[in-house]
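*Asks:* would you be able to build a 3D model of this:
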Amino acid sequence: MMTMLGILFGSVTWSATFRLSTPIILTSVGGSFNKHTGVFCIAFECFMLSAAFFAAWGSYLTGSPYMGTLFAILAGLLLAAIFGMFVLNFKANPMIVSIAMNFGAWAVTTLLLTEIFGVRGYFHSPKIVNFSPIDIPVLREIPYINEVLNNQIILVYIAYISVVVGTIIMYKTPFGLRLRTIGINEIGAQTAGVNILKYKWIGLAIMGIMSGLGGAYLPLSGLSMFSENMSSGRGFLAFAAILVSKGNPVKAALISILFAYTNALTFTLTSYGIPSQLLQMFPFIAVIIVLMIGNLRNLSLTPVIEASE
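*Replies:* Residues are numbered from 1 along each chain as shown. This next block holds a predicted model:
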């Protein structure tokens with residue numbers, strides 16, 4: 001019993017949780033800004049996977065994880081611009097564009113992996129330089145917190161800082177107010193003089209940047225590699241977090257932590273002989289449960305809303 005409690009609440013599990021939640025949090029925070037503009041997008045797998053490849057390639061070329069991250073951000077921005085061009089300018093169906101980009105990213109990154117590195121499946125090289133863990137002296141004296149939060153890479157801390165900064169910008173600034181107004185009442189916002197198209201492009205740009213950061217985490221967090229389909233559904237987890245949280249960065253982060261926690265358990269529970277294929281289902285089972293709870297809550301509120309009307 002103590003062993004199971006140690007797995008569920010131990011520092012190893014929670015340290016892994018904070019690491020694994022990083023790409024989902026970064027992507028979901030960025031996607032929350034886009035959601036409030038009313039632009040539907042589920043192409044987060046495309047953004048993260050493409051950014052992961054360019055992060056690995058950029059680090060390989062320059063020997064710097066920071067340059068690799070810059071490559072990833074630029075890739076995210078470019079893909080957000082392509083998405084915006086089709087959806088905002090050409091009025092294409094955002095669902096179809098998102099699906100096409102998700103499948104296209106897997107094909108394109110596999111092609112680039114073959115053409116640039118000459119391999120299929122995965123590419124590993126010490127030339128892909130990772131971020132180094134950061135030692136925070138203040139945390140050394142706090143036993144449990146030190147083991148969980150200390151000696152993480154910079155992107156982990158950026159992810160949690162982005163939750164605070166994103167919340168402040170979204171709910172405490174005129175920019176955030178205009179952004180949310182567009183999602184609530186686009187015609188009303190336009191009547192008030194808000195440039196709708198401008199804010200939608202800004203929302204897409206923020207989504208591209210943050211998804212790029214999320215993708216950069218995957219190859220530069222210690223793996224020094226890129227593999228086909230490296231995002232492995234994390235983009236869909238980020239979309240689920242955005243959907244259930246209704247674009248609230250704090251709620252999106254909490255849901256992302258839940259998904260990451262179930263994923264962290266898959267690593268620690270393998271010692272009990274549970275099939276790994278079954279354990280890998282945990283994060284997606286958590287997605288289904290969270291979506292069900294969110295829908296049940298909405299259904300329970302519907303009669304109250306109708307009665308008040």
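*Asks:* ok, for Thr62, nearest residue in space, not its chain neighbours?
*Replies:* Of all residues not flanking Thr62 in the chain, Gly68 sits nearest, at 7.1 Å (C-beta to C-beta, 6 or more residues apart in numbering). (Glycine included, C-beta is placed from N, CA and C.)
*Asks:* mind checking how far the helix or strand where that neighbour lies is from the chain centre?
*Replies:* Using DSSP states H and E, the element containing Gly68 is helix 65-84. On the basis of C-alpha atoms, centre = their mean, to the nearest Å, helix 65-84 sits 14 Å off its chain's mean C-alpha point.
*Asks:* by contact count, what packs against the helix or strand following it?
*Replies:* Next along the chain after helix 65-84, taking DSSP H and E as the criterion, comes helix 94-117. Here helix 94-117 touches helix 44-62, helix 65-84, strand 122-124, going by 3 or more C-beta pairs under 8 Å, 6 or more residues apart in numbering; DSSP states H and E.
*Asks:* let's see 6 Å
*Replies:* For helix 94-117, the elements it packs on are helix 44-62, judged by 3 or more C-beta pairs under 6 Å, 6 or more residues apart in numbering; DSSP states H and E.
*Asks:* follow-up on the earlier one: now the helix holding Gly68: mean pLDDT?
*Replies:* Average pLDDT, helix 65-84: 98.
*Asks:* ok, stretch 270-290 next?
*Replies:* 74.
*Asks:* buried sites along it?
*Replies:* Within stretch 270-290, the residues that qualify as buried are 279, 282-284, 286-287, 290, counting by 16 or more other C-beta atoms under 10 Å.
*Asks:* CSV for these, including secondary structure?
*Replies:* Shown next, in CSV, are the buried residues of stretch 270-290 (DSSP: H, G, I helix; E, B strand; the rest coil):
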residue, secondary structure
Leu279, helix
Phe282, helix
Pro283, helix
Phe284, helix
Ala286, helix
Val287, helix
Val290, helix
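*Asks:* out of those residues, flag the one nearest to Ile136.
*Replies:* Pro283 (28.3 Å; C-beta to C-beta).
*Asks:* quick one: the helices in this protein?
*Replies:* In the chain, the helices defined using DSSP state H lie at 2-9, 11-36, 44-62, 65-84, 94-117, 143-149, 154-172, 174-184, 186-191, 196-220, 234-245, 249-268, 276-279, 282-308.
*Asks:* can you list these in TSV and add distance to Phe226?
*Replies:* TSV is the format used below for the helices of the chain (distance: least, C-beta to C-beta, whole Å):
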stretch	distance to Phe226
helix 2-9	31
helix 11-36	14
helix 44-62	4
helix 65-84	11
helix 94-117	7
helix 143-149	28
helix 154-172	16
helix 174-184	34
helix 186-191	40
helix 196-220	5
helix 234-245	14
helix 249-268	20
helix 276-279	22
helix 282-308	21
